[in-house]
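Participant: Sharing a sequence plus its predicted fold:
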Amino acid sequence: SFYPNAKILICVRELRDFLLSYKDRWKFVPSEHSERVKCIYHPVITSLLWKSTVRLIPIIKKRVPKENLMIVKYEDLVLNPMDIIYKICKVIGEKFEPEMLEVNSNNSSREVHEKGIFSSSIGRWRGLLTREEAAVAQMIARKELEHLGYKLEKKIEANAFKVLSSFATSPFALYKGLDAGKALRAPLVPYLYRRIISLLSR
């Protein structure tokens with residue numbers, strides 16, 4: 001309402017790779033933040049955070065003129081950076097320049113040795129996430145993953161007890177994560193309200 005002509009760019013990433021990134025991020029942050037960041041990760045809570053964010057996209061589509069909105073999949077961006085960045089420039093009204101592809105830094109949650117824009121982070125969750133974490137992610141956000149065009153695993157040989165344990169421990173993990181991040185987070189009640197509303201919206 002304040003900026004009716006604003007250009008909105010939304011970047012989404014495959015949930016299971018997002019989980020892996022969240023899971024390992026504590027290893028690559030300053031030591032004074034590592035414990036806080038480690039507390040934030042939980043397969044159920046992190047999957048719900050992803051889901052609640054993705055479910056806002058249809059709401060945004062209704063409120064933002066089509067010409068002012070672009071949704072980019074992270075995977076498309078790193079696999080075809082020139083095409084995607086060119087399209088982004090077209091949406092935001094900027095001239096495309098080849099120098100835009102020269103990226104000299106990264107914020108990967110894992111140690112990488114590649115330079116520039118790399119795609120090795122796609123599908124990294126296979127073999128690095130536990131089967132239970134992958135199963136939890138698909139159970140929580142199957143509909144959203146399919147809607148965004150992400151391929152689901154037909155069968156994940158997960159330990160049922162460990163999956164149930166993840167759901168059972170999620171309330172405690174939520175409290176622990178909120179407590180760990182209270183110094184950097186907006187007021188708790190409005191924050192939770194926004195997340196819950198987006199999960200309940202159709």
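Facilitator: Here it is on my side, so go on. All figures in this text were calculated on a predicted structure; none of them were measured in a lab.
Participant: Skipping adjacent residues, who's closest to L48 in space?
Facilitator: I140 (6.2 Å; Cβ to Cβ, 6 or more residues apart in numbering). The way it works is simple: take the backbone N, C-alpha and C, and place the C-beta from them, glycine included.
Participant: Buried residues, the host helix or strand of that neighbour. List them.
Facilitator: Counting by DSSP states H and E, the element that carries I140 is helix 131-147. Judged by neighbour count (16 or more other Cβ atoms under 10 Å), helix 131-147 contains these buried residues: 132-141, 144-145.
Participant: that older thread, kindly state the pLDDT recorded for the residue nearest to L48?
Facilitator: I140 is assigned 96 on the pLDDT scale.
Participant: do the same with E75
Facilitator: 97.
Participant: Could you check how far the residue nearest to S47 when sequence neighbours are not counted is from F96?
Facilitator: Among residues not flanking S47 along the chain, I140 sits closest, at 4.3 Å (Cβ to Cβ, 6+ apart). The gap separating I140 from F96 is 38 Å, by Cβ to Cβ, to the nearest Å.
Participant: I'd guessed I88 sits against K7; true?
Facilitator: No. I88 lies out of contact with K7 (Cβ atoms under 8 Å); the separation is 9.3 Å.
Participant: can you pull the contacts of S198?
Facilitator: 52-53, 55-56, 59 (Cβ atoms under 8 Å, 6 or more residues apart in numbering).
Participant: which non-adjacent residue is nearest it?
Facilitator: S52 (4.3 Å).
Participant: likewise L174?
Facilitator: Closest to L174 by Cβ to Cβ, 6+ apart is I45, at 5.4 Å.
Participant: mind listing the helices for this protein?
Facilitator: Along the chain, counting by DSSP state H, helices occupy 15-24, 31-40, 43-54, 57-63, 74-79, 81-92, 131-147, 160-180, 188-200.
Participant: Please list all residues in contact with E102.
Facilitator: G116.
Participant: if I pick K61, what's in contact with it?
Facilitator: K61 touches L69, counting by Cβ under 8 Å, 6+ apart.
Participant: how near is it to E133?
Facilitator: 30 Å.
Participant: Equivalent analysis for I57, please.
Facilitator: In terms of Cβ to Cβ, I57 sits 24 Å off from E133.
Participant: Repeat that for F167.
Facilitator: F167 sits 12 Å away from E133, going by Cβ to Cβ.
Participant: Check C89 too.
Facilitator: 37 Å.
Participant: Share the number of residues neighbouring the residue nearest to R16 when sequence neighbours are not counted, please.
Facilitator: Closest residue to R16 apart from its sequence neighbours, by Cβ to Cβ, 6+ apart: W125 at 4.0 Å. As a burial measure, W125 scores 21 neighbours (other Cβ atoms under 10 Å).
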